[in-house]
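A.B. asks: Next comes the sequence, and after it the predicted model I'd like to discuss.
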Amino acid sequence: MPSRKSLAALAAASLLPAPDAWAHGFAGPHMFISTLLIDDPNVADEASLPTFFYLPQPTDGGAAPKLYNASFEFDKRITENFGFSIADGYSWLRTPGTSTASGWQNVEATLKYKAYVNPVHEFMFSVGVSREFARTGATGANGATLDNDDSSSTTPTIYWGKGFGDIPVPALRPLALTGTLSYTIADKKLKIVGSDPDSGELLFNNGIANTWSGGLSLQYSFRYLQTQVKDYGWPEFVNRLTPVVEVSWSSPASRPNLDSTQYLVGIGVNYTAESYAVGVEALIPGNKQTGSHAGVIAQFHLYFDDLFPNSLGKPIVGWFQ
Amino acid sequence: MIRSIPWLVAMLLAASPAFAHAFLERADPPVGSDLPTAPQTMTLRFTEGIEPRFSTIEIRDANGAVVAIGKPHTAPGNDRELRVALPELHKGRYTVTWHATSVDTHKTEGSFQFNIAP
């Protein structure tokens, strides 16, 4: 039975960027980039391979444990607007003075449907549901240290993106805002099962609390500026850049719970070529429950619809036509 | 499942990794430009080869009236450039709306303005 102290060790694990598909997509002339902390609203054929994540964890004053994670995710369309993804990752938690805990995260699969696109107003809306499969990653004490849930969970999510191309201020038209909102429902709810007779510390079962989570990204596309607003003659390399700010958030939604509300801010840039993208962001913990120092996230992203337009890059239903 | 593996391998080998979405790379007249004289042609250069039969250019004047132009065509030996001859344009602001289909059928679109101000 894990105690509050042991489960709080890996505070930012719930904000790890593994589970979903950070796809890209067009709404009219606006392309939403592959964001790193939240999923974007598009459904596509692509892969993030890999995503690296590093963030020093919260500390009570001693040396901060350091969390490293390498993850991958694969996304496949079944029809034009409906697809699935599968994601996993491997984590290392280096705590000074103790051995390093390491292991796989639980596997997560997602079904996602792009329900609405308005090209004129550069708007996209999608819905999805994810399933985390308990005990598919590291288990036991190692798994608990890495915050792998012992309970499977289901997470309905809405995704949206809005380009600013229809506003009358030219310099702001390259902006786009994307967001997600999720509610995680545990198969096995967290419960208090007693207290430690010596310390009085509460003891819990191996369930988990329900959780709200979500995030926002604000993007400024130099490509959009160059092709839709004004061409300043910048080099093509610069035109492929999109500065981006992201915020992800998670908060317990049921009692009892063992986690705190966490905020993680990412500030960086995305480089989008025809068939791949590279994103790098500095990570800034939004509160002391999220992390103790700045971290970093980086991702290499492949667009299969551009790399393999006649096979992996088209919907599965199209393979048989 | 075993029987499907050779089919999947064959499909991957048949992939054509040379093509992708056709992004607008440069326009002439340039996006958002102020021109001292009226241009005689419009050229849109894309990052990938495009299919002119399924690509369009529309130009409207400041009143929203469509400017009569011909069917755009690719430049000889360069399927990344879409060109169209322009009639005599008067001073004022013009809005260009384009739709491009790359040679692997990916579609992109965009719109921009230029101004003729002698």
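C.D. replies: Structure received.
A.B. asks: helices and strands of chain A: which one has the lowest mean pLDDT?
C.D. replies: Across the helices and strands of chain A, mean confidence by mean pLDDT, DSSP states H and E is lowest for helix A:4-7: a mean of 34.
A.B. asks: Residue A:76 should be in a helix, yeah?
C.D. replies: No: Residue A:76 sits outside any helix when classified using DSSP: H, G, I helix; E, B strand; the rest coil, being strand.
A.B. asks: that older thread, which residues touch the helix or strand following the least confident helix or strand of chain A?
C.D. replies: Past helix A:4-7, heading to the C-terminal end, the next element that is a helix or strand (DSSP states H and E) is strand A:25-27. Residues from elsewhere that reach strand A:25-27, judged by Cβ atoms under 8 Å, 6 or more residues apart in numbering or on different chains: A:31-32, A:40-44, A:114, A:117-119, A:121-124, A:161-163, B:108. For every residue, glycine as well, the C-beta is placed using N, CA and C.
A.B. asks: Return the members of those classed as buried.
C.D. replies: Among the contacts of strand A:25-27, those classed as buried by neighbour count (16 or more other Cβ atoms under 10 Å in any protein chain shown) are A:31-32, A:40-44, A:114, A:117, A:122-124, A:161-163, B:108.
A.B. asks: Tell me which entries of those lie within strands.
C.D. replies: Members of those lying in strands (criterion: DSSP state E): A:31, A:32, A:114, A:117, A:123, A:124, A:161, A:162, A:163, B:108.
A.B. asks: check contacts around the second one.
C.D. replies: With Cβ under 8 Å, 6+ apart as the criterion, the residues that contact residue A:32 are A:24, A:25, A:26, A:40, A:41, A:42, A:124, A:161, A:163, A:176, A:178, A:219.
A.B. asks: beta partners for the second one?
C.D. replies: I take that to be residue A:25. In this structure, residue A:25 has beta-bridge partners residue A:32, where bridges are defined by DSSP bridges.
A.B. asks: mind checking pLDDT for it?
C.D. replies: Residue-level confidence at residue A:25 comes out at 85, pLDDT.
A.B. asks: again, but for the fifth one
C.D. replies: If you check residue A:41, the pLDDT there is 95.
A.B. asks: Residue A:124 is in contact with that one, correct?
C.D. replies: Yes: with contact defined as Cβ atoms under 8 Å, residue A:41 reaches residue A:124; the gap is 4.5 Å.
A.B. asks: Which residues are in contact with each of those two?
C.D. replies: Residues touching both residue A:41 and residue A:124 (Cβ under 8 Å, 6+ apart): A:25, A:32, A:114, A:159, A:160, A:161.
A.B. asks: Could you single out the nearest of those to residue B:78?
C.D. replies: Within those, distances to residue B:78 taken as Cβ to Cβ reach their minimum at residue A:25, with 28.9 Å.
A.B. asks: which non-adjacent residue is nearest residue A:119?
C.D. replies: When the adjacent residues along the chain are set aside, residue A:119 lies closest to residue A:28, with 3.5 Å between them (Cβ to Cβ, 6 or more residues apart in numbering or on different chains).
A.B. asks: what sits against residue 118?
C.D. replies: Answering for chain A, as no chain was given. Contacts for residue A:118 (Cβ under 8 Å, 6+ apart) come out as A:27, A:28, A:124.
A.B. asks: other chain: chain B
C.D. replies: Contacts for residue B:118 (Cβ under 8 Å, 6+ apart) come out as B:36, B:37, B:91.
A.B. asks: Could you measure from the last one over to residue A:198?
C.D. replies: Spelled out, that is residue B:91. Applying Cβ to Cβ, to the nearest Å, one obtains 88 Å for the distance of residue B:91 from residue A:198.
A.B. asks: Below-threshold pLDDT in chain B: ranges please.
C.D. replies: Along chain B, segments meeting pLDDT under 70 span B:1-20.
A.B. asks: ranges for the helices of it?
C.D. replies: Using DSSP state H, the helices assigned to chain B run over residues B:4-13.
A.B. asks: hey, where'd the strands end up in chain B?
C.D. replies: B:24-28, B:34-35, B:41-46, B:56-60, B:73-75, B:78-85, B:92-101, B:107-116.
A.B. asks: So what are the sheet partners of the second one and their directions?
C.D. replies: I take that to be strand B:34-35. Here the strand partners of strand B:34-35, with direction, are listed using DSSP bridges: strand B:107-116 (parallel).
A.B. asks: Mind listing what's buried along the partner strand?
C.D. replies: B:108, B:109, B:110, B:111, B:112, B:113, B:114, B:116.
A.B. asks: Could I get the contacting residues of residue A:125?
C.D. replies: Residue A:125 makes contact with A:41, A:114, A:115, A:116, A:117, A:158, A:159, A:160, according to Cβ under 8 Å, 6+ apart.
A.B. asks: and the gap between the third one and residue A:61?
C.D. replies: In this case it means residue A:115. Residue A:115 is 48 Å from residue A:61, where distance means Cβ to Cβ.
A.B. asks: go on, the fourth one?
C.D. replies: In this view, residue A:116 and residue A:61 are 50 Å apart by Cβ to Cβ.
A.B. asks: Which one's more surrounded, these two?
C.D. replies: Applying other Cβ atoms under 10 Å in any protein chain shown to residue A:116 and residue A:61 shows that residue A:116 carries more neighbours, namely 14 against 6.
A.B. asks: any chance you could map the strands in the stretch 51-200 of chain A?
C.D. replies: Listed in chain order, the strands of the stretch 51-200 of chain A (DSSP state E, counting those that start in this stretch) span residues A:66-77, A:82-94, A:101-104, A:107-118, A:123-133, A:153-163, A:175-186, A:192-195.
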